[in-house]
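1. One predicted model, sequence on top.
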Amino acid sequence: MKISARNTLVGKIVEIHEGPVSTEVTIETAAGEKIVSSITTTSAKNLGLKVGGKAYAVIKASSVMVAVD
């Protein structure tokens, strides 16, 4: 994966709260920091997110996106 954002943090998905329109995803870094992102439920399903899975918190301006390999 290549991406232009400079603030990319890798971690493990520790929580997923799925709603009808948006899903809240919590990623915990190796340092124990938790980052929470709200993404569309469609995107969460398309990414195949699962608790315990590896994911990236990609921070650009005031938005946090989630990326997987």
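-> Sure thing, it's come through.
2. What pairs with the strand ranked longest in the chain, parallel or antiparallel?
-> Using DSSP state E to assign secondary structure, the strand with the most residues in the chain is strand 7-18. Strand 7-18 has the following sheet partners, assigned by DSSP bridges: strand 22-29 (antiparallel), strand 54-60 (antiparallel).
3. which residues touch the last one?
-> Strand 54-60 is touched from outside by 1, 3, 5, 7-13, 25, 27, 29, 35, 37, 47, 49, 64-69, with contacts defined as Cβ atoms under 8 Å, 6 or more residues apart in numbering. Every residue, glycine included, has its C-beta placed from N, CA and C.
4. If any of those residues are buried, put those into a ChimeraX selection.
-> Only the buried members of the contacts of strand 54-60 end up in this ChimeraX selection, burial being decided by 16 or more other Cβ atoms under 10 Å:
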select :9,11,13,25,27,35,37,47,49,64,66
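5. dump the residue contacts of Tyr27.
-> Not quite, residue 27 is Ile, not Tyr. Listed by Cβ under 8 Å, 6+ apart, the contact set of Ile27 reads 9, 11-14, 34-37, 55-57, 66.
6. again, only using 6 Å
-> Neighbour list for Ile27: 11, 13, 35, 55, 57 [criterion: Cβ atoms under 6 Å, 6 or more residues apart in numbering].
7. Would you format these as TSV with distance to Gly19 and pLDDT included?
-> Rendered in TSV, the data for the contacts of Ile27 read as follows (distance: Cβ to Cβ, whole Å; pLDDT from 0 to 100):
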residue	distance to Gly19	pLDDT
Gly11	22	97
Ile13	16	98
Ile35	19	94
Ala55	18	97
Ala57	20	93
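8. a markdown table please, covering those residues and showing distance to Ser43.
-> Shown next, in a markdown table, are those (distance: Cβ to Cβ, whole Å):
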| residue | distance to Ser43 |
| --- | --- |
| Gly11 | 18 |
| Ile13 | 14 |
| Ile35 | 16 |
| Ala55 | 12 |
| Ala57 | 14 |
